[in-house]
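**Student:** coordinates only, sequence not included:
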């Protein structure tokens, strides 16, 4: 039996990784379009899937944002340090993804991206309570090595990396939709059991 309190946590998990992969893939595709000198309608065409995936991720991220429940306590100095250490991990994960992307090891890059879709991000307080900020930190880690080696980077990697990110984001969306459907079925069955109980 899954409690109602566990559902926002599951949503925070998938929202974080979907948001990261959607925006990262969109940025890579835009970088490729700029590098090849694509026209303006190519940028509009690129924005369609990127914006759709981002919008699908944003409602869950907004719902999981901190401060919605009210009565939040101000963070102490110790909790601020713990939050900073928690933020370091997704930054390093993003940086490692960026290094794999730069090396051209797309198979390892894709395997790591797929594994990140299954990672239990809710166990980190930073990814659980600060989905949008954690996404920005992870994206910063990913694009930092790319920005440093941009001139020596093969532009063919941009659309390939975008394809990997968006494929993983679509798979994560399907998994999240299946979890929500199962949770709704559990709620209905529990309500039915309560209604039929003597």
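**Tutor:** That came in fine, so what should we check first? Since we're looking at a predicted model, the values are computed, not measured.
**Student:** Residue 41: what's it in contact with?
**Tutor:** Taking Cβ atoms under 8 Å, 6 or more residues apart in numbering, we find residue 41 in contact with no residue. C-betas here are computed from N, CA, C, even on glycine.
**Student:** host element of it?
**Tutor:** helix 40-63 (DSSP states H and E).
**Student:** What average pLDDT does that helix get?
**Tutor:** Across helix 40-63, pLDDT averages out at 78.
**Student:** now the helix or strand of the chain with the lowest mean pLDDT, how far from the centre of its chain.
**Tutor:** Here the helix or strand of the chain ranked lowest by mean pLDDT, DSSP states H and E is helix 125-129, holding a mean of 76. Averaging C-alpha positions (Cα atoms, centre = their mean, to the nearest Å) puts helix 125-129 12 Å from its chain's average.
**Student:** before we move on, what about stretch 179-187?
**Tutor:** Relative to the chain's own centre, stretch 179-187 is displaced by 22 Å; criterion: Cα atoms, centre = their mean.
**Student:** re the thing from before, next SSE downstream of the least confident helix or strand of the chain?
**Tutor:** Using DSSP H and E, the helix or strand that follows helix 125-129 towards the C-terminus is helix 131-148.
**Student:** Show me what the least confident helix or strand of the chain is packed up against.
**Tutor:** On a contact count with 3 or more Cβ pairs under 8 Å, 6 or more residues apart in numbering; DSSP states H and E, helix 125-129 meets helix 6-35, helix 77-103, helix 131-148.
**Student:** Can you flag the weakest of those by average pLDDT?
**Tutor:** helix 6-35 (a mean of 78).
**Student:** Let me know the angle separating it from helix 77-103.
**Tutor:** Taking axes from the mean of the first three to the mean of the last three Cα atoms, to 10 degrees, one finds helix 6-35 and helix 77-103 inclined to each other by 40 degrees.
**Student:** Now do helix 6-35: distance to the chain's middle.
**Tutor:** 4 Å.
**Student:** Equivalent analysis for stretch 134-154, please.
**Tutor:** Distance of stretch 134-154 from its chain centroid, counting by Cα atoms, centre = their mean, is 16 Å.
**Student:** begin at 18 from here
**Tutor:** Done: numbering now begins at 18, and the last item shifts to stretch 151-171.
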